[in-house]
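1. got a predicted structure here, sequence first:
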Amino acid sequence: MKYTEGTMGRVFILRLEDGEVLNDTIEAFARDRGVRHASVTFLGGSADGSTVVVGPDADRSDAIVPLTHTLQGHREVLALGTLAPDEKGEPVLHMHAAAGREGDATVGCTRAGVNVWLVGEAVIQEILGAGAERVHDPATGFALLEMNEVEPRGAARASGPAPEPERGVDSSSGRAAAEAADAAAADAAESTAESAVQTIPARRGHAVRLKTGQSVRVINTHGHQVVDTWAFSLPDPTESMSMEHTRAALRSLFVSVGQSLVTNRRRPILTLTEDTSPGGHDTLIAACDRYRYEQLGCAGYHDNCTDNLAQALAQLGHTGLETPSPWNLFMHIPVGEDGHLEFQPPRSKPGDSATLRAEQDCIVVFSACPQDVSSIPVNADAPTEAHFVVLP
Ligand SMILES: [Zn+2]
């Protein structure tokens, strides 16, 4: 067994109409609303002539050939499914339905084509931060659910030593002791795991906890990738790194080595201690979001830094936080004397890095910006992965 871990995101209730195709309708909705992973339930009717897959064809031993079955008459349908993206990032629903009529019931996979009869109700429960993808398996011909490199916290914890609960924790409260042990174990596992180089996957986000005094080195592995960067104070993440407060504190549009970025409560949170890139990391441009890509004419859902931030934070158990303006590491936005701005590709070379020291306990979130629209060449039109390493 493999697994990934996520947290609950948005919940949608849908009314499907007569004649709508079940999988197509749910997948189109997920694409439109940017739902990558979800649990889906459906309740309603299927129209006469709907088709379900009812198992492999036993007569064909050389390959798995799906056996389809046409449902006779309108039927009552109960269905459960999982939604996950395929290798291109397109949402794919895997749903099994029981379809009954007058004591005769058939159970099958709805991907063959189930048309809604009269009306259907679906509930989509979004799962944030899960690292799972449907990957084509040549052996079976199926797109199997594969867990990708997004490391579930539980797995990291299980691989590390589980320290004893701290002495002095109120012994009358088993739950408090368990929580303390849990937190200590998580910290231990994280600090072990995070001394290694970690990937910020292309077009995705990644969050990491830092203790005061720890540093993180962000590496522009391929040289032309913008890394949107945020920092949230702990234990109260409503305090966060603020570009507008930082510009006022520094009286500058840019941060130089040795200078600190401050929060919306004007306290230092990160200091740029080392920078092998040409610097000039942008502090002006908002994180990209679905609206940006809609405006740029992209059809359907486009990966974006705003959703990457929310997903990365959710993986550490934080939801509902606002999206502060990011510090756009490696982003090159020259500012003209007249205030004119230009979107240009990064000037860094492969392997350039910026090192940031935490001035308070915080969560730092990175997003390898997925901007690939040719009129906005901030990633040289080719978004890539980047890396980071936590330094003690
Ligand atoms: Zn972006």
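-> Structure received. Numbering: from 1, shown residues only.

2. domain assignment for this structure?
-> 7-147, 187-391 (automatic domain parsing).

3. just the mean pLDDT for the shortest one, thanks.
-> Across domain 7-147, the average pLDDT comes to 89.

4. now, of the domains of the chain, which is deepest in the fold?
-> domain 187-391 (a mean of 19; mean count of other CB atoms under 10 Å). C-betas here are computed from N, CA, C, even on glycine.

5. need the contact list for the nearest residue in space to Gln72 that is not next to it in sequence.
-> In space, and not counting its chain neighbours, Gln72 is closest to Asp48: 6.7 Å by CB to CB, 6 or more residues apart in numbering. Counting by CB atoms under 8 Å, 6 or more residues apart in numbering, Asp48 touches Leu71, Gln72, Gly73, His74, Trp117.

6. and the two most separated of these?
-> Gln72 and Trp117 (12.6 Å; CB to CB).

7. in the protein, which strand has the most residues?
-> Longest strand in the chain, counting residues (DSSP state E): strand 116-128.

8. what packs against whatever helix or strand comes next after it?
-> Proceeding N to C from strand 116-128, the next assigned helix or strand is strand 132-136, under DSSP states H and E. Packing partners of strand 132-136 (3 or more CB pairs under 8 Å, 6 or more residues apart in numbering; DSSP states H and E): strand 75-85, strand 143-147.

9. reformat the ones you listed as CSV; add distance to the ion.
-> CSV is the format used below for the helices and strands packed on strand 132-136 (distance: least, CB to the ion, whole Å):
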stretch, distance to the ion
strand 75-85, 18
strand 143-147, 25
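
10. out of those, flag the one nearest Gly280.
-> strand 75-85 (34.7 Å).

11. parallel or antiparallel, list what pairs with that closest one.
-> Note on strand 75-85: by DSSP bridges, its sheet partners are strand 38-46 (antiparallel), strand 91-101 (antiparallel).

12. who's in contact with the shortest one?
-> For strand 38-46, the surrounding residues in contact (CB under 8 Å, 6+ apart) are 16, 22, 26, 30, 71, 74-83, 93, 95, 97, 99, 114-127.

13. now Pro392, nearest residue through space, not along the chain?
-> Gln214 (6.5 Å).

14. now do the same contact list for the one you found.
-> Arg357, Ala358, Val390, Leu391, Pro392.

15. for the first one, what are its contacts?
-> It stands for Arg357. Arg357 is in contact with Gly213, Gln214, Ser215, Leu270, Thr271, Thr273, counting by CB under 8 Å, 6+ apart.

16. Serialize those residues to TSV and add fields for pLDDT, distance to the ion and secondary structure.
-> Formatted as TSV, the contacts of Arg357 follow (pLDDT from 0 to 100; distance: CB to the ion, whole Å; DSSP: H, G, I helix; E, B strand; the rest coil):
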residue	pLDDT	distance to the ion	secondary structure
Gly213	96	30	coil
Gln214	96	26	coil
Ser215	96	24	strand
Leu270	98	19	strand
Thr271	97	24	strand
Thr273	97	25	strand
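
17. in its sheet, what does the longest strand of the chain sit against?
-> Counting by DSSP bridges, strand 116-128 is paired with strand 7-17 (antiparallel), strand 38-46 (antiparallel).

18. contacts for the first helix or strand past the longest one going along the chain?
-> Read that as strand 7-17. Sequence order places helix 22-33 as the next helix or strand after strand 7-17, per DSSP H and E. Residues outside helix 22-33 that contact it (CB under 8 Å, 6+ apart) are 10, 12, 14, 16, 35-36, 38, 40, 42, 46, 79, 81, 83, 90-93, 95, 97, 110-111, 113-116, 120, 122, 124, 300-301.
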